[in-house]
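Asker: here you go, sequence then predicted model.
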Amino acid sequence: MQGLPYDESVLIDDSNLSRLYGQKTYNVKERLTFRPTEQLTLTGRGGYFFRTSERDTYDYHFNGYSAGLKGKYAWDSGRHLELSYAYDQYDKANFMPDGARTHDHDYSNQQHVVHALYSQSFGENHLILGADYLHDYLTTYQFVEGADHAQSNIDGYAQFDWNITPRFNAVGSLRYDYFSASAMKAFTGRLALVYKFPWLTLRANYASGFRAPSLKEMYMHFDMGNMGYMIIGNPNLEPEKSHNFNVAVDRQNRISGGGIIDGVYSFTLMGYCNLFDKRITTVAHTYEEMPAALYWNEDGVNVWGIDVSLGHYFDWGLTLKLNYAWMHETGNVVFSQFSQPRSHALTWRIGYGHRYSRFYALDAALSGRSLGKPQSGHTDVDQGYTIWKLMLQHHIWRGFNLNTAIDNLFNYKPKSYYYSSPLTTGTSFTIGLSVDLDNL
């Protein structure tokens, strides 16, 4: 799919701004807590949500139901046990003006969740044991002929937080997951080490990952927004597995020399490597002569990166923040049309805050981001670009705040609009007034 070239036609809007579609929203919820003993706490909750969104030819009706029970028992010796059950349901339907239900946009998602967690402290060290059960049921017009699918997820995990010395900490964990819809199961683990030197902190982390495809990724089949573009699930998707490594150093300290640079500064440098097997993504596809996105597995992808973060908070009100990220993907990478990974990304923020009198204070921020060219090499998408934003908040008398902002300060306009294009057609201005009732 090619990008849409930019011209002034994107600013043409034939809609009637004087016509406002109405909606009604009702939301009721309650929580009750009962403590039969000093150690035992019981909590029950329930809620109902209803909203209608009105249109010329139909109305959307949304319903949400939720309920839950939780019990917590605390021993005096640093042991805690928690058991809970939660139910959530979300429904959506279309109705004609005469009240007849169309059934062409029916959607219903129901989830039952059982959770158990046990924790115990051994001096400065802590053990956590847990397990969860989730039953997920989904029927939607986004499936073929409005079919319904369900799956049960079961997991169990254990984690031990070991403070070996006052400077050295290690956290190890092991987890088991099972997904019934795809009959997939896996053990994953994590080991995190932290050593605090007097002048910086060193961190190292390893984690294995596992993600089974969701019901939507396996069975979705619908025309997105009725635009002639299909989203197609893949029941043959394999689980996504990964090995993730990162090492980081960070330092935070205060400068107190009585000079202009007095304040708190921070520095973080992190390098990482993520090794993926069967990473889940989407690829360009065709369905009955319509363009489509098909869920797919990438076979062997490695992601390497470096993140740098710098910050300084001056005592006299100025703040400086700078973040840089370098990322590179290797292996059998499938570049999805929905995202365009970029090797270089830079963000920054310059802020200043000061109270000038009892009746006026100012908070100002100049921020921006700069992205490099996409790694895919596509020329029909945004190449490298930079966008700035200026925000001013004027704190006026007794809780009145005047907020002004200029977004896309230097009027950047994409040459073509794509899935990952910035949502802008040029510079925009906003102004608003907020009132803090607590301060009146």
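Answerer: Now that the structure is in, tell me what you want to look at.

Asker: for the residue of the chain most remote from its centre, helix, strand, or coil?
Answerer: Computed with C-alpha atoms, centre = their mean, the maximum C-alpha offset from the centroid of the chain is found at residue 258, amounting to 41.7 Å. Judged by DSSP: H, G, I helix; E, B strand; the rest coil, the three-state class of residue 258 is coil.

Asker: how many neighbours does residue 342 have?
Answerer: Residue 342: 20 surrounding residues under other C-beta atoms under 10 Å. In short, each C-beta sits where N, CA and C put it, glycine included.

Asker: any idea of the mean pLDDT in the helix or strand that contains residue 326?
Answerer: Using DSSP states H and E, residue 326 sits within strand 318-331. The pLDDT scores in strand 318-331 average 93.

Asker: buried stuff in that strand?
Answerer: 318-319, 321, 323, 325-327, 329 (16 or more other C-beta atoms under 10 Å).

Asker: please name the strands paired to that strand in the sheet, noting orientation.
Answerer: Strands flanking strand 318-331 in the sheet, each with its direction: strand 301-314 (antiparallel), strand 344-357 (antiparallel) (DSSP bridges).

Asker: ok, residues contacting the first one?
Answerer: Residues external to strand 301-314 that are found in contact with it (C-beta atoms under 8 Å, 6 or more residues apart in numbering): 260-276, 279, 319-333.

Asker: please name the nearest non-neighbouring residue to residue 275.
Answerer: Distance criterion C-beta to C-beta, 6 or more residues apart in numbering; nearest residue to residue 275, sequence neighbours excluded, is residue 243 at 4.5 Å.

Asker: to what extent is the one you found buried, counted in neighbours?
Answerer: Other residues close to residue 243 by other C-beta under 10 Å number 15.

Asker: show the contacting residues for it.
Answerer: Contacts for residue 243 (C-beta under 8 Å, 6+ apart) come out as 206-209, 274-275.

Asker: what does residue 370 give?
Answerer: Residue 370 makes contact with 344-347, 384-387, according to C-beta under 8 Å, 6+ apart.

Asker: and the pLDDT at it?
Answerer: At residue 370, the model reports a pLDDT of 95.

Asker: residue 69: neighbour count?
Answerer: A count of nearby residues for residue 69, using other C-beta under 10 Å, gives 14.

Asker: next one: the stretch of helix or strand it belongs to to chain centre, how far?
Answerer: Here residue 69 is covered by strand 59-74, with elements defined by DSSP H and E. From the chain centre to the centre of strand 59-74 is a distance of 22 Å (C-alpha atoms, centre = their mean, to the nearest Å).

Asker: could you pull out the strands for the stretch 151-300 of the chain?
Answerer: For the stretch 151-300 of the chain, the strands defined by DSSP state E, counting those that start in this stretch cover 168-179, 184-196, 201-211, 221-223, 230-232, 240-255, 263-277, 279-287, 290-298.

Asker: can you redo those as CSV with mean pLDDT and distance to residue 35?
Answerer: Formatted as CSV, the strands of the stretch 151-300 of the chain follow (pLDDT from 0 to 100; distance: least, C-beta to C-beta, whole Å):
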stretch, mean pLDDT, distance to residue 35
strand 168-179, 96, 32
strand 184-196, 95, 35
strand 201-211, 95, 38
strand 221-223, 84, 49
strand 230-232, 88, 49
strand 240-255, 95, 40
strand 263-277, 95, 42
strand 279-287, 85, 45
strand 290-298, 87, 48
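
Asker: now the buried residues of strand 318-331 as a markdown table including distance to residue 188?
Answerer: Converted to a markdown table, these look like this (distance: C-beta to C-beta, whole Å):
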| residue | distance to residue 188 |
| --- | --- |
| 318 | 44 |
| 319 | 39 |
| 321 | 34 |
| 323 | 29 |
| 325 | 26 |
| 326 | 27 |
| 327 | 23 |
| 329 | 22 |
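
Asker: show me which pair in these is furthest apart.
Answerer: Greatest spacing in those, by C-beta to C-beta: 318 and 329 (37.4 Å).

Asker: for the residue nearest to residue 190 when sequence neighbours are not counted, give its distance to residue 274.
Answerer: The shortest distance from residue 190 to any non-neighbouring residue, by C-beta to C-beta, 6+ apart, is to residue 207 (4.1 Å). Using C-beta to C-beta, to the nearest Å, residue 207 is found at 10 Å from residue 274.

Asker: identify the contacts common to those two.
Answerer: In contact with both residue 207 and residue 274: 243-244, using C-beta under 8 Å, 6+ apart.

Asker: re the thing from before, residue 90 is nearest to which of the strands of the stretch 151-300 of the chain?
Answerer: Closest to residue 90 of the strands of the stretch 151-300 of the chain is strand 221-223 (C-beta to C-beta; 17.5 Å).

Asker: for residue 113, which of the strands of the stretch 151-300 of the chain is the nearest?
Answerer: Proximity to residue 113 (C-beta to C-beta) singles out strand 168-179 among these, at 14.7 Å.

Asker: gap between that closest one and the chain center?
Answerer: The chain centroid and the centroid of strand 168-179 are separated by 22 Å under C-alpha atoms, centre = their mean.

Asker: by contact count, what packs against that strand?
Answerer: Helices and strands touching strand 168-179, by 3 or more C-beta pairs under 8 Å, 6 or more residues apart in numbering; DSSP states H and E, are strand 148-163, strand 184-196.

Asker: among those strands, which comes closest to residue 177?
Answerer: Judging the helices and strands packed on strand 168-179 by C-beta to C-beta, what sits closest to residue 177 is strand 148-163, at 4.7 Å.

Asker: parallel or antiparallel, which strands does that closest one pair with?
Answerer: strand 125-140 (antiparallel), strand 168-179 (antiparallel).

Asker: adding distance to residue 380 and mean neighbour count, write these out as CSV.
Answerer: As requested, the strands paired with strand 148-163 are exported to CSV (distance: least, C-beta to C-beta, whole Å; neighbours: other C-beta atoms under 10 Å):
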stretch, distance to residue 380, mean neighbour count
strand 125-140, 32, 16
strand 168-179, 38, 16
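
Asker: the closest residue to residue 254 other than its chain neighbours - how many residues pack around it?
Answerer: For residue 254, ignoring the flanking residues on the chain, the nearest one in space by C-beta to C-beta, 6+ apart is residue 264 at 5.1 Å. By other C-beta under 10 Å, 15 other residues sit near residue 264.

Asker: against residue 37, how distant is residue 264?
Answerer: In this view, residue 264 and residue 37 are 45 Å apart by C-beta to C-beta.
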